[in-house]
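Enquirer: okay, here's the prediction I keep looking at, along with the sequence it came from:
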Amino acid sequence: MSTPGTPAKAPVTPRLALIAIIALVIAGLTAVDRFLAKAQESEVQHLAQRSHADGVSFRRTGKINDAIEAFRKAHALEPKQTEYELDLIDSLIAARKLDQAELLMRDALDREPNDGRANLLAAHLMIANGKPDDAESYYHRAIYGEWPSHAVARRVSVRMELSDFLAARGKHEELLAELLPLQEEAGKDPATRQRLAPLFLAAGSPSRAADEYRALIKQNRNDAAAYVGLGEAELQLGEYGVAHEAFLAAAARKSVDPSIQQKLEVSSTLMGLDPTPRKLTSIEKYRRSLQIMDLARSSLESCGPSHPELNSGETGQLLTSANQMLTSKPPAVITNELAEDALSLAEQMWQARLKTCGAPVSPSEESLRLIMEKLAQ
Amino acid sequence: MLLSLVIGVIVGLTVVAFILLTGRLAARMYPPGGAAWRRILVPVMGTLVSGFLLARYFPNARGSGIPQAKFALFIQEGYISLRTVVGKFLCCSISLASGIALGREGPSVQIGAGIASVLGRRFGLTKASVKALLPVGCSAALAAAFNTPIAAVLFSLEEILGDLHAPVLGSVVLSSATSWMVLHLILGDQPLFHTPAWQLVNPVEFAIYAVLGVVGGLASVCFVKLLLRLRVLFRSFPPSTVWLQPVAGGVLMGVFGLFVPEVLGVGYEYVDHVLGGDFPVKTVALLAVMKLIATPACYSSGNAGGIFGPSLFIGAMIGGTVGSIAHASLPHLTANPGAYALVGMGAAFAGIVRTPLTSVIMIFEMTRDYSIIVPLMISNLISFFISQQLQREPIYEALALQEGVYLPTGESRDELTGIRVREVMQTSVAPVPIDAKVDIAKQRFEQEKCTSWPVGNDSFLQGVIRSHQIETSNPPPATVRDLIAGKRSYPYVHADHPLSYALEQMRHNGVDVVPVVSRANIHEMKGVVTLKGILSTYGLGGDSGLTASP
């Protein structure tokens, strides 16, 4: 029997020759490995690119599940390609496969916490998951995140998307905070200005909106939409005459649009209702005030049938006073104070109407809303 | 230490070449958008070619590679030929690329152990030193094949050596780390699986992970039992069919692959898919069942390839199925099914391969997420326990047993300490011939001053007779054969067993002489160990009393 201490049966190669053979084997294996690895890498890259292109094409044609499969394949082949992973996440969100999207999203953000697109998709995922506050913070991370190419344009685009999101949520102050830097970043880009102007309106900053529309008109005198926007901004500002002129200019450029005609009517009505112009006589001011009060009373009464409590108590008294004022003979001497009383009564009825029935919905009440807003300023 | 480094580099480079070559070959055999007929023809042709090569040129390259590496370590004193290494590389590349449901990790282990053995011999090391290099090669191979260097070290110690405190620990760690670095230098920092970020949604999930452990354990037992039974079936066929037997696995894969292409190959791409959590539960359950059948069929028919990878695949599919059902039933209390697939991989591995520590560390290494440890331990240990209860013999030991090889099990390795049988055993002793008259046996008892003696012809051991058997038999037996007729088992020890084990065997079987047999063949008697000889070794008086037989 052999013992463990005896040399193993094998031809013992001389030490130097053995070292040379080992070095040769290592060099040869390294060369083979490198060659095979390179061949595999290029093949895998090619396959991944093809799958990704398929995914993009499927996505474009609305075949979302096929797109997911294709993007998943591309991601499995080239997991370090962030673009493939983010396209997969994007498609999963679109297909409402939120669990899977969340898993991948977590990995992507762990790996690249400052990636702009990853954070933007995280914002989309949060919106889909019903977490709008988290979405807002991801939007901000996306804005200040890293974008490999066209960083400025991408940031503007994300901020614009965030602005739309804030506008939809009715967060006016936050919206305005986003629009101001956006206005600076956008420069003279007309496409951005076209989107910025209505957002300024939504943010409750009609003067900035008017400036944007004017700038747009300066760039293109035939831009009917810009004239309409300007008209709306001026209506918000209470400059009904200017608004009317803007709507007229829009109608001249796009006469077939019925919505412009409607806006013209509103601005025309408001011009006839506005009791604030300086050179207005006391009689005319009183007449317009009564007209506003009548509109306010009608508006309050129109929501009365569904709210019987309006006919009693304080609101009932308001209606009674208004009716008395409207039916009684006008005083011999009409002063501005009388007009102010009528407007005060109109304002109280308007507040009661807002409190009871909410904001007006009928287009006919739009003029009243605008004039009341101007008077409240 | 320097040799461990060299082994790490060469094994790392070889295993990377093996992985890449297999991948390239598979890509050629199954091009994207390839025709369906390929899925039948390629496995059949692949198994036919590799079956012929295995039978004709590389008979030692058959099977997984892990039992073979253990066989070389414990029986052949660390010897693995260069031919076996080349054969394993070549045949596995062909068979694995053809899409059979076997893995590359087991073959890599044998290739790694083989390279270590060849290098050790070429450097003129002693047999003991060559033996000590085998686990070094194994860990280097596994680190490169599975991209988990710590699990590779543990696997070499836990499964191959069966000793977590082995003195070769330093060399094993060094070779594993070196090989892993080679892998990363060539292939970059690519994980084998892209695992999802694991999270525990609710403590209720611990109970579901326990259920997963039960399912994983039961599936493991089914897998092992089916594999062992099919292996017995294939071994019963005439030896002349050995070259053709692997085709049976190829045909089965072809049929399965025609209808469900995902079952082809080891299936790591689909595991990745399941870990992502997006899969139809029916497909995943079907794949688990198909792989549970396909892998035993491919392995038992004599193909070259391992069960390490398929066990992970089966685990992922079982985990995916359990996770999907749990998530559908309790969507707010459970995580994505991908997390269950991940834990399922460990559970099936622990149940099939029976290395609970390696299975936990392996999944932990893959995820690099500490929080997964507790659910992993729950599932793995339950699966391990069930598997141990329902299938006593671990798979690699059971496979070796079928080959007539008696590998020391984890438990028995603990006994390999203290004075060994080889230091006390008496050689040059002959058994009582099986056809001898009973009187001859009585004479031998008197001559040797003992009450029991081995029976057989020349060196072929057939049993052990005791003096009281002769006295109590009714009617009195004519020959020794009459005494041992119908007795299939007999006491024996191996030369590397400690004396305490020999004493235990004597006490348990009521004998004072135990034959010492080869680990490769228990009918090959190397000598005997006697009670007197053992007592004498401990200074308790008397010589062995043995005299050389004529």
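Expert: Looks like it came in fine. Residues are numbered from 1 along each chain as shown, chains lettered A, B, ... in the order given.
Enquirer: show me where the stretch 101-250 of chain A has its helices.
Expert: Along the stretch 101-250 of chain A, counting by DSSP state H, counting those that start in this stretch, helices occupy A:116-128, A:132-144, A:151-169, A:172-186, A:190-202, A:206-219, A:224-237, A:240-253.
Enquirer: what residues sit buried inside the last one?
Expert: For helix A:240-253, burial by neighbour count (16 or more other Cβ atoms under 10 Å in any protein chain shown) applies to A:240, A:242, A:243, A:244, A:245, A:246, A:247, A:248, A:249, A:250, A:251, A:253. Quick note: C-beta positions are derived from backbone N, CA and C, even for glycine.
Enquirer: who touches stretch A:144-155?
Expert: A:114, A:115, A:116, A:117, A:118, A:119, A:143, A:185 (Cβ atoms under 8 Å, 6 or more residues apart in numbering or on different chains).
Enquirer: I'd say the fifth one and residue A:106 touch.
Expert: This points to residue A:118. No. With contact defined as Cβ atoms under 8 Å, residue A:118 does not reach residue A:106; the gap is 10.4 Å.
Enquirer: of those two, give the one with the bigger neighbour count.
Expert: A count of neighbours by other Cβ atoms under 10 Å in any protein chain shown puts residue A:118 above the other of residue A:118 and residue A:106, at 26 against 14.
Enquirer: tell me the contacts of residue 285?
Expert: Reading this off chain A. Residue A:285 touches A:275, A:336, A:339, counting by Cβ under 8 Å, 6+ apart.
Enquirer: nope, chain B please
Expert: B:317, B:321 are the contacts of residue B:285 under Cβ under 8 Å, 6+ apart.
Enquirer: longest helix in the chain, please.
Expert: No chain in the question, so chain A it is. helix A:15-60 (DSSP state H).
Enquirer: meant chain B, my bad for not saying
Expert: helix B:204-235.
Enquirer: what about the helices in the stretch 101-250 of chain B?
Expert: Per DSSP H, counting those that start in this stretch, the stretch 101-250 of chain B carries helices over the ranges B:105-122, B:127-146, B:149-155, B:169-187, B:204-235, B:245-259.
Enquirer: give the other helices and strands that the fifth one contacts.
Expert: By that I understand helix B:204-235. In this structure, helix B:204-235 makes packing contacts with helix B:281-300, helix B:308-329, helix B:337-352, helix B:373-390, helix B:395-402, judged by 3 or more Cβ pairs under 8 Å, 6 or more residues apart in numbering or on different chains; DSSP states H and E.
Enquirer: in TSV, list the helices of the stretch 101-250 of chain A along with distance to residue B:437 and mean pLDDT.
Expert: Formatted as TSV, the helices of the stretch 101-250 of chain A follow (distance: least, Cβ to Cβ, whole Å; pLDDT from 0 to 100):
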stretch	distance to residue B:437	mean pLDDT
helix A:116-128	89	94
helix A:132-144	94	92
helix A:151-169	101	89
helix A:172-186	108	84
helix A:190-202	112	83
helix A:206-219	121	88
helix A:224-237	121	88
helix A:240-253	128	87
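Enquirer: which among those helices is found nearest to residue B:111?
Expert: helix A:116-128 (41.2 Å; Cβ to Cβ).
Enquirer: contacts for that closest one?
Expert: Outside helix A:116-128, the residues within contact range by Cβ under 8 Å, 6+ apart are A:82, A:86, A:89-90, A:93, A:96, A:98, A:101-102, A:105, A:108-109, A:112, A:132, A:134-136, A:138-139, A:141-143, A:145-147, A:151, A:154-155, A:158, A:161-162, A:165.
Enquirer: that one vs helix A:151-169, what angle?
Expert: 10 degrees (axes from the mean of the first three to the mean of the last three Cα atoms, to 10 degrees).
Enquirer: what residues sit buried inside helix A:116-128?
Expert: By 16+ other Cβ under 10 Å, the buried positions in helix A:116-128 come out as A:116-128.
Enquirer: just stretch B:426-439 next, same as before
Expert: So stretch B:426-439, judged by 16+ other Cβ under 10 Å, has buried residues B:426, B:429, B:430, B:431, B:432, B:433, B:434, B:436, B:438.
Enquirer: quick one: mean pLDDT for it?
Expert: Taken as a whole, stretch B:426-439 has an average pLDDT of 84.
Enquirer: residues making contact with that stretch?
Expert: Contacts of stretch B:426-439 (Cβ under 8 Å, 6+ apart): A:1, B:440-441, B:444, B:453-457, B:461-462, B:465, B:470, B:476-481, B:483-484, B:515, B:525-530, B:533, B:544, B:546, B:548-550.
Enquirer: these in helices, which ones?
Expert: The members of the contacts of stretch B:426-439 that map onto helices under DSSP H are B:440, B:441, B:444, B:470, B:480, B:481, B:483, B:484, B:533.
Enquirer: thinking again about what came up before, for the helices of the stretch 101-250 of chain B, which one sits closest to residue B:448?
Expert: Residue B:448 lies closest to helix B:127-146 among the helices of the stretch 101-250 of chain B, at 32.9 Å (Cβ to Cβ).
Enquirer: now the closest one: buried residues?
Expert: Buried residues in helix B:127-146 (16+ other Cβ under 10 Å): B:127, B:129-146.
Enquirer: check stretch B:387-406 too.
Expert: For stretch B:387-406, by 16+ other Cβ under 10 Å, it's B:387-388, B:391, B:393-400, B:405-406.
Enquirer: how about residue B:105, what does it touch?
Expert: Neighbours of residue B:105 in contact, by Cβ under 8 Å, 6+ apart: B:142, B:145, B:146, B:306, B:308, B:309.
Enquirer: local confidence estimate at the fourth one?
Expert: In the predicted model, residue B:306 carries a pLDDT score of 89.
Enquirer: is it in contact with residue B:103, as I believe?
Expert: Yes. The criterion here is Cβ under 8 Å, and residue B:306 meets it with residue B:103 at 4.2 Å.
Enquirer: interface residues of the stretch 201-350 of chain B facing chain A?
Expert: When proximity is defined by Cβ under 8 Å from any Cβ of the partner chain, the stretch 201-350 of chain B lies next to chain A at B:269, B:272, B:273, B:276, B:277, B:278, B:336, B:338.
Enquirer: tell me the centre residue of the chain?
Expert: Looking at chain A here, since you left the chain open. residue A:164 (0.7 Å; Cα atoms, centre = their mean).
Enquirer: not what I meant, chain B
Expert: residue B:396 (2.5 Å).
Enquirer: and the pLDDT for residue 68?
Expert: Reading this off chain A. 93.
Enquirer: the chain in question should be chain B.
Expert: At residue B:68, pLDDT is 88.
Enquirer: list the contacts of it.
Expert: Taking Cβ under 8 Å, 6+ apart, one finds B:60, B:80, B:84, B:110 in contact with residue B:68.
Enquirer: again, 10 Å this time
Expert: Residues in contact with residue B:68 (Cβ atoms under 10 Å, 6 or more residues apart in numbering or on different chains) are B:60-62, B:76, B:80, B:84, B:88, B:106-107, B:109-110, B:113-114, B:396, B:399-400, B:403, B:405.
Enquirer: same question for residue A:186.
Expert: A:152, A:156, A:159, A:160, A:179, A:192, A:193, A:195, A:196, A:212.
Enquirer: now do the strands in the stretch 451-550 of chain B.
Expert: B:452-457, B:460-466, B:493-494, B:513-517, B:525-530 (DSSP state E, counting those that start in this stretch).
Enquirer: could you give the average pLDDT over the fourth one?
Expert: Just to be clear, that refers to strand B:513-517. 90.
Enquirer: thinking again about what came up before, of the buried residues of stretch B:426-439, closest to chain A?
Expert: The shortest approach to chain A among the buried residues of stretch B:426-439 belongs to residue B:426, at 12.9 Å (Cβ to the nearest Cβ).
Enquirer: quick check: bridge partners of the closest one?
Expert: Per DSSP bridges, the residues bridged to residue B:426 are residue B:528.
Enquirer: what's the spacing between it and residue B:518?
Expert: Distance, residue B:426 to residue B:518, by Cβ to Cβ, to the nearest Å: 16 Å.
Enquirer: alright, I will stop here.
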